[in-house]
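Asker: Quick check, what structure comes out for this input:
(one chain, ligands or ions: 2)
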Amino acid sequence: RVKAPRPRRPKVVAVSNQKGGVGKTTTAVNLAAALAQDGLGVLLIDMDPQGNASTALSIAHDDDDLGIYDVLVDERPLIRVVKECPDIPGLWCAPSTVDLAGAEIELVGLTHRERRLKQVIDHLYSALDRSRRPTPDYVIIDCPPSLGLLTLNALVAADEVFIPIQGEYYALEGLTALMRTIGLVQASMNPDLAVGAILLTMVDGRTNLAAQVAEEVRRHFPREVLRSTIPRSVRLSESPSFGQTVMTYDPTGTGALSYRAAAREFAHRDHGASTSDEGDVR
Ligand code: ADP
Ligand code: MG
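Answerer: Ligands and ions are numbered 1, 2, ... in the order given. This next block holds a predicted model:
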């Protein structure tokens, strides 16, 4: 397989699905790690107050650590908050601390409340560029399980949404609200936002049901669904408790191999997809 290519310009990807437990964080950290291992510069922004992505990347995110909250609410420069991941050179993380939960409310009273993340990412790029330091090829945003202001900030900042779906019976049902939100953001705040990829996660390859669900999702989103899928794997679920992604915790296992394949497929594909079939989802 060919390594992941460098995108033509820095690409901002929001990993989102308002349903919890579908594999957003697992996908965000392993996609980020796989791209970084292919030599790309990747910044992961943890926008979930639970901070699971920060944990998985071994980035300190206690009360007294600076995090994305300080950037969004207190206007600290993003560059002061990002830290390099100890295991994976080229992978940087802006961690989330618990106070981020309050940002959902605190942002309401601030100017440009839904554009703050976009502004700080743009600002980081120009600051790095001006000082002739390398800019990231990808900014990957791990979204919380809701469609509130934190997710809205991610969707306004993003070029693409990356949607993990759990390969289970009601997989498509939860997508209606997300697709509607994406449509609203496209109509008002970010006309260029695209659905870049849909990834089937926690697929149990042995069951007929899994195959049926995969087929149905592909029927609704023929262009968006990645050919690669992510199987259920104990290694994937236990790696965060060792402060690692599966890419370093079990680099030759099925979890790492499937995320590497998904990352390369994602990086290679043509990014012209849009939210077709939006009205059909149910
Ligand atoms: P979300 O961020 O959408 O809430 P997570 O990525 O945190 O979802 O995943 C939910 C749970 O499922 C976590 O405990 C995670 O470790 C586990 N998990 C995610 N993907 C897999 C997989 N492919 N196989 C087994 N467990 C998984
Ligand atoms: Mg999560």
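
Asker: Find the nearest non-adjacent residue to the residue of the stretch 101-250 of the chain found nearest ligand 1, please.
Answerer: Residue of the stretch 101-250 of the chain nearest ligand 1, by C-beta to the nearest ligand atom: S237 (3.4 Å). Backbone N, C-alpha and C define where each C-beta goes, glycine included. In space, S237 comes closest to T26 once its chain neighbours are excluded; the distance is 7.8 Å by C-beta to C-beta, 6 or more residues apart in numbering.

Asker: So D38 sits against H268, correct?
Answerer: No - using C-beta atoms under 8 Å, D38 makes no contact with H268, being 11.0 Å away.

Asker: any shared contact partners between these two?
Answerer: Contact criterion C-beta atoms under 8 Å, 6 or more residues apart in numbering; residues shared by D38 and H268: A4.

Asker: I figured the residue nearest to S237 hits S233, correct?
Answerer: No - with contact defined as C-beta under 8 Å, T26 and S233 do not form a contacting pair (9.8 Å).

Asker: Tell me which stretches of the chain form helices.
Answerer: Counting by DSSP state H, the chain has these helices, from start to end: 24-37, 52-56, 68-72, 100-106, 116-130, 149-157, 175-188, 208-220, 234-238, 246-249, 254-268.

Asker: Reformat those helices as a markdown table; add mean neighbour count.
Answerer: As requested, the helices of the chain are exported to a markdown table (neighbours: other C-beta atoms under 10 Å):
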| stretch | mean neighbour count |
| --- | --- |
| helix 24-37 | 28 |
| helix 52-56 | 25 |
| helix 68-72 | 25 |
| helix 100-106 | 17 |
| helix 116-130 | 17 |
| helix 149-157 | 24 |
| helix 175-188 | 17 |
| helix 208-220 | 15 |
| helix 234-238 | 15 |
| helix 246-249 | 24 |
| helix 254-268 | 21 |
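
Asker: Let me have the ones you listed in CSV, extended by mean pLDDT.
Answerer: Listed next are the helices of the chain as CSV, based on pLDDT from 0 to 100:
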stretch, mean pLDDT
helix 24-37, 98
helix 52-56, 97
helix 68-72, 96
helix 100-106, 93
helix 116-130, 93
helix 149-157, 97
helix 175-188, 94
helix 208-220, 88
helix 234-238, 97
helix 246-249, 98
helix 254-268, 97
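
Asker: Tell me which of these sits nearest to E84.
Answerer: Across the helices of the chain, E84 has its closest neighbour in helix 24-37 (10.0 Å, C-beta to C-beta).

Asker: Check the offset of the closest one from the chain's centre.
Answerer: 8 Å (C-alpha atoms, centre = their mean, to the nearest Å).

Asker: Tell me what angle that helix forms with helix 254-268.
Answerer: 70 degrees (axes from the mean of the first three to the mean of the last three C-alpha atoms, to 10 degrees).

Asker: do helix 24-37 and ligand 1 meet at all?
Answerer: Yes - using C-beta under 6 Å from any ligand atom, helix 24-37 reaches ligand 1 at 24-26.

Asker: Among those residues, which one sits closest to P77?
Answerer: Checking those one by one against P77 (C-beta to C-beta), the nearest turns out to be T25, at 25.2 Å.

Asker: quick one, what contacts that closest one?
Answerer: 15, 48, 52-53, 56, 142.

Asker: How about L147?
Answerer: 18, 177-178, 181.

Asker: Against G253, how distant is it?
Answerer: 34 Å (C-beta to C-beta, to the nearest Å).

Asker: same deal with A28?
Answerer: From A28 to G253 the distance is 19 Å (C-beta to C-beta).

Asker: Next: L57.
Answerer: The gap separating L57 from G253 is 19 Å, by C-beta to C-beta.

Asker: Make sure L152 is actually in contact with H112.
Answerer: No - L152 is beyond contact range of H112, at 11.8 Å (criterion: C-beta under 8 Å).

Asker: List, one by one, the residues from the stretch 1-150 of the chain near ligand 1.
Answerer: Listed as neighbours of ligand 1 in the stretch 1-150 of the chain under the rule C-beta under 6 Å from any ligand atom: 20-26, 52, 145.

Asker: ok, which of those residues also contact ligand 2?
Answerer: 24-25, 52 (C-beta under 5 Å from the ion).

Asker: circling back: which one, of the helices of the chain, ends up nearest to I163?
Answerer: When the helices of the chain are compared (using C-beta to C-beta), the closest one is helix 175-188, at 6.8 Å.
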